[in-house]
Every structure is written in C-alpha cells, then in structure tokens.
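[1] How does the following fold in three dimensions:
(one chain, ligands or ions: 1)
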Amino acid sequence: MQVETGVSLKPYNTFGLPAVARTLVRIAGDADVRRVVDHPELGRAPKFILGGGSNIVLTKDMPQVVLKVEVRGMRLVEERADAWIVEVGAGENWHDVVAWTLAMGRPGLENMALIPGTAGAAPVQNIGAYGIELKDRFESLDAVDLVTGRSVTLGPSICAFGYRDSVFKHSLLNRSVITRVRLRLPKPWQPVLGYLDIARRMHETGVAAPSPQQVFDWVVAIRRAKLPDPAAIGNAGSFFKNPVVTPEQCRDIIGRDPEIVHYPLPDGSIKLAAGWMIDACGWKGKSVGQAGVYEKQALVLVNRGGAIGSEVMTLARAIQESVYGRFGIRLEPEPVVV
Ligand SMILES: Cc1cc2nc3c(=O)[nH]c(=O)nc-3n(C[C@H](O)[C@H](O)[C@H](O)COP(=O)(O)OP(=O)(O)OC[C@H]3O[C@@H](n4cnc5c(N)ncnc54)[C@H](O)[C@@H]3O)c2cc1C
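    Numbering: from 1, shown residues only. The predicted model follows:
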C-alpha cells in the first residue's frame with residue numbers, strides 16, 4: 001500500500017480540473033484495501049474511489065482518502081461451449097482490454113473500443129456504445145467492502161445495471177472497491193451493427209459482413225472524428241444522460257419540436273437525444289469562463305484551458321435551465337460531481 005499526501009489530481013482527471021487530494025492511496029490488490037480498512041486513521045475517514053478520472057467533475061479539493069485503483073492483470077479464466085470468460089484487473093485501461101481480447105481472437109467488446117477509463121469503473125455506470133453495454137458482456141466482479149474489509153463476488157442481479165447506472169452509483173457508492181471484473185464473450189461471435197454510424201461505414205466500404213477487427217477500426221475512427229481527445233482538450237465525454245420519456249411525453253414534444261431526434265426503446269419508452277436538445281437551445285460552441293460546449297458535439301462539455309470545476313457546473317446548470325425551459329425535460333449529468 002502506497003500512501004501519498006497533498007497530491008494534485010489534475011493529471012488524474014480527463015477534464016484537467018484542479019483539485020488536491022489530502023491523502024491518496026494506490027491500491028494494487030484486495031490486501032491493500034483491507035490495509036486501508038484496518039488502518040487506525042485511514043480506516044475511519046471517508047473515501048473516494050478513483051479509476052482513470054474520465055467520468056468525474058472535480059469542484060473542490062478532496063478531504064476524503066482517495067483510493068486510486070491500480071489492480072493489474074488480464075487472463076482467460078474459462079472456455080465454455082457458448083462463451084469465453086476473461087478476468088481483468090480493475091486498474092487495467094478499458095481500451096487495452098478490448099484490444100487484448102481481440103488480439104487473442106476472442107471478440108465481443110469491439111463496439112466499446114476507445115471508451116476511456118479503467119475496467120473497474122466499467123460496471124459502475126454500465127458503460128455502453130454503439131449498441132452494446134457492459135451488462136451484455138458481464139459475468140461477475142470481485143469487490144472489497146470498505147467497512148468490513150470483506151471480499152465478495154457479485155453477479156449481474158446484485159449489480160442492478162441500468163442505462164449508465166448500477167448499484168455502485170447508489171448504495172455501494174464509495175463503499176465497495178471493485179478489484180477484478182470478469183467478462184463473458186459469447187461464441188459464436190455475432191456482430192452488432194444496428195447503429196447508424198456503423199451502418200453508414202458498411203455502406204461506404206461495401207463490407208456487408210465485417211470482421212471483429214473491422215468493427216473495432218470503424219468504432220475507433222468514428223469516435224476519433226466525433227469526440228475530443230482528452231489528451232488535447234479536457235472533457236468527460238457525454239456530460240448529460242439522454243433522457244428517457246413516455247410515448248405521450250414524446251408526442252407532446254414532437255408537437256412543438258417536430259425535428260427532435262428520438263429513438264424508441266424495446267420497453268416502449270423513448271430515448272431523446274440530449275445533444276440535439278442542447279444544440280437546439282443554441283449552446284454549441286458557447287462558454288462560461290474557460291468551460292465550453294464542444295463545437296462538434298453539444299453533449300460534450302470541454303475545458304478550454306485552465307477551467308475550474310465550478311465553471312463547468314455553472315455552464316451545466318445554465319444548459320439544464322434552458323433545456324427545461326424549452327422542452328420541459330430536466331437533463332441529468334452523467335459524470336460524478338465531486
Ligand atoms: C472522451 C470520452 C468519451 C467517453 N465515452 C463514453 C461512452 O461512449 N460510453 C460510456 O459509457 N462512457 C463514456 N465515457 C465516460 C467514461 O469513459 C466511463 O464512465 C468510464 O467507465 C470511467 O472510467 P474511469 O476509470 O475513468 O472512472 P472514474 O472517472 O475514475 O470514476 C467514475 C466513477 O466510478 C467510480 N469508480 C472508479 N473505479 C472504481 C472501482 N474500481 N470500484 C468502485 N468504484 C469505482 C468512481 O468513484 C466514480 O464514481 C467517456 C469519457 C470520455 C472522457
């Protein structure tokens with residue numbers, strides 16, 4: 001267990017927001033979490049669990065003990081008739097995990113290529129992209145309880161996955177440190193090609209039956225064209241969740257705004273494109289201080305250089321108010337505001 005004090009978190013969050021952790025502990029395995037729990041001072045202090053910092057907005061210095069999860073390892077643990085099971089350390093970079101499974105000839109994660117952050121955070125908000133969510137490939141995870149110090153293995157039902165949601169955003173928030181994640185890669189591989197951007201690539205390239213590597217390459221190229229690279233422009237990806245409404249609510253909005261981009265969901269509800277609504281309210285390219293709305297995608301808030309967390313949140317609240325004023329919809333932030 002490595003304990004550091006007065007650590008700048010600026011390099012540890014993709015928004016590049018300034019904040020200092022009074023205490024930061026690097027976690028390399030379950031035993032490190034137990035050492036924190038048993039420690040006379042650290043054990044009693046409030047905790048914040050940090051992965052790659054790509055889904056957080058830091059608004060102030062952190063008096064909590066920051067547990068930076070750096071558990072390593074990727075291995076194939078089981079081959080079943082219908083799937084491969086792989087286990088990855090929570091501190092592994094998610095995109096590296098996707099690339100590794102593909103290089104091993106065990107595809108299934110390619111639609112989620114290039115999502116920033118760690119494997120351990122992937123279940124926290126049930127990451128998803130281009131028609132696949134983590135829950136579709138999830139087998140189980142190991143976590144250590146920050147009160148009892150006990151290690152547990154949790155399956156999908158306890159994780160309570162929802163749209164960008166899980167139990168780790170609610171009752172287990174900063175209570176359970178995820179240390180390992182097991183993923184189920186179904187056999188035979190079935191491509192997931194339903195998303196418009198992917199269908200467009202198929203049309204452009206004339207490839208009707210792409211290989212897993214082709215889907216991976218398309219997803220990487222699509223994302224690079226659409227989303228700002230956090231290494232160049234600080235951001236946390238989509239800043240708001242796409243709101244889900246009833247068909248009646250949707251009809252009401254279409255009555256006033258016929259162009260609104262919306263997608264029917266399997267359960268009959270309708271997902272509205274938050275980015276479209278923000279754009280319709282005229283926010284694309286606008287700024288508050290050094291926090292701004294990305295020019296190419298209104299759903300992404302960016303750090304134009306030297307932004308602080310309160311500027312990001314002032315901008316976010318102003319967007320929420322104007323979207324509510326025009327559409328009657330309250331946008332909910334996707335990143336965790338600390
Ligand atoms: C450019 C960009 C594009 C993105 N695109 C997508 C996308 O397509 N789809 C998508 O779903 N997300 C996307 N995101 C959001 C982000 O990549 C994911 O939410 C990612 O899973 C966050 O991982 P992290 O390690 O950075 O987590 P962090 O930001 O460090 O933490 C996020 C939350 O998870 C908790 N947490 C982290 N690690 C653990 C752990 N080991 N145990 C328990 N709790 C933990 C933290 O306490 C915090 O509450 C994008 C972000 C960026 C910057």
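
[2] switch to C-alpha atoms for all contacts and neighbour counts from now on
    Fine.

[3] where does the stretch 201-338 of the chain dip in pLDDT?
    In the predicted model, the stretch 201-338 of the chain carries no residue with pLDDT under 70.

[4] Around the ligand, which positions in it sit nearby?
    Leu227, Pro228, Asp229, Pro230, Asn235, Ala236, Gly237, Val336 (C-alpha under 6 Å from any ligand atom).

[5] Quick check: the fourth one touching Asn13?
    No - with contact defined as C-alpha atoms under 8 Å, Pro230 and Asn13 do not form a contacting pair (9.3 Å).

[6] Neighbour count for those two, which is higher?
    Counted by other C-alpha atoms under 10 Å, Pro230 and Asn13 do not tie: Asn13 has more neighbours, with 24 against 18.

[7] Please name the residues that touch the more buried one.
    By C-alpha atoms under 8 Å, 6 or more residues apart in numbering, the residues touching Asn13 are Gly52, Gly53, Ser54, Ile56, Val57.

[8] which helices and strands does the top helix by length along the chain pack with?
    Taking DSSP state H as the criterion, the chain has its longest helix at helix 309-327. Applying 3 or more C-alpha pairs under 8 Å, 6 or more residues apart in numbering; DSSP states H and E, we find helix 309-327 packed against helix 274-280, strand 287-288, strand 291-293.

[9] What residues sit buried inside it?
    Judged by neighbour count using 16 or more other C-alpha atoms under 10 Å, the buried positions of helix 309-327 are 309-313, 315-316, 319-323, 327.

[10] Ok, stretch 184-199 next?
    By neighbour count on 16+ other C-alpha under 10 Å, the buried set for stretch 184-199 is Arg184, Leu185, Pro186, Pro191, Leu193, Ile198.

[11] picking up where we left off before, how about the longest helix of the chain as PDB, C-alpha atoms only?
    Output of helix 309-327 as PDB, limited to C-alpha atoms (Å, rounded to 0.1, in the frame of the first residue of the first chain):
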ATOM      1  CA  GLY A 309     -15.000  22.700 -11.700                       C
ATOM      2  CA  SER A 310     -17.400  25.500 -10.600                       C
ATOM      3  CA  GLU A 311     -17.200  27.000 -14.200                       C
ATOM      4  CA  VAL A 312     -18.100  23.600 -15.600                       C
ATOM      5  CA  MET A 313     -21.100  23.300 -13.200                       C
ATOM      6  CA  THR A 314     -22.300  26.800 -13.800                       C
ATOM      7  CA  LEU A 315     -22.300  26.100 -17.600                       C
ATOM      8  CA  ALA A 316     -24.000  22.700 -16.900                       C
ATOM      9  CA  ARG A 317     -26.800  24.400 -14.800                       C
ATOM     10  CA  ALA A 318     -27.400  27.100 -17.400                       C
ATOM     11  CA  ILE A 319     -27.800  24.300 -20.100                       C
ATOM     12  CA  GLN A 320     -30.200  22.400 -17.800                       C
ATOM     13  CA  GLU A 321     -32.300  25.500 -17.300                       C
ATOM     14  CA  SER A 322     -32.600  26.400 -21.000                       C
ATOM     15  CA  VAL A 323     -33.400  22.800 -22.000                       C
ATOM     16  CA  TYR A 324     -36.000  22.600 -19.200                       C
ATOM     17  CA  GLY A 325     -37.500  26.000 -20.300                       C
ATOM     18  CA  ARG A 326     -37.900  24.800 -23.900                       C
ATOM     19  CA  PHE A 327     -38.600  21.100 -23.700                       C
END
